[in-house]
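S.K.: pasted the sequence and its predicted model underneath.
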Amino acid sequence: MITNRDLDVIGLRDLAVAAPAPDPRVVVPPVAVSEYELVSEPLTYAEGWSLLCRRGGRVAWSIPLAPRGAAPRVRPAVAQAVAVRVLSEQGVFVSGWNHIDGGDGTDGETRRFVARLPHGASASA
């Protein structure tokens, strides 16, 4: 079994060279790119932070993060750490978060962050 540490040493390019060439007769449908979004709705939304997976612009799944430690009033850094833990449990590795709106949540605004995936990584969750 190859671990993440092995991948760091081997490198993804080395694995691609070792892999057999794909059969050109086999048609593989394109996979929709997954995007992971961390959202905190205004305080009227009592659930706190939520983690969304979007594929092709549609929400594929959503997980409330309050039961895992990201209650409505926790700082974004705490919610991001909880979201990283949840995603890593699903085999998705996050290298950081991009703030995608101007809201800081102080005026009841929605706060949104999009996960940055490591370069060359594909998410299959």
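M.R.: Done, it's in. Computed from a prediction, not measured in an experiment: that's the story for all the values here.
S.K.: now for the top helix by length along the chain, which elements pack on it?
M.R.: Determined from DSSP state H, the single longest helix within the chain is helix 76-89. Here helix 76-89 is seen to pack against strand 34-40, strand 49-55, strand 111-116 when contacts are counted using 3 or more C-beta pairs under 8 Å, 6 or more residues apart in numbering; DSSP states H and E. From N, CA and C alone the C-beta is placed, and that goes for glycine too.
S.K.: give the buried residues for that helix.
M.R.: Residues of helix 76-89 classed as buried by neighbour count (16 or more other C-beta atoms under 10 Å): 76, 79-80, 82-84, 86-87.
S.K.: out of the helices and strands packed on helix 76-89, which gets nearest to residue 67?
M.R.: For residue 67, the closest of the helices and strands packed on helix 76-89 is strand 49-55, at 10.8 Å, according to C-beta to C-beta.
S.K.: check contacts around residue 53.
M.R.: Residue 53 makes contact with 34-37, 59-62, 125, according to C-beta atoms under 8 Å, 6 or more residues apart in numbering.
S.K.: repeat that for 10 Å
M.R.: Applying C-beta atoms under 10 Å, 6 or more residues apart in numbering, we find residue 53 in contact with 34-37, 59-63, 87, 90, 92, 115, 123, 125.
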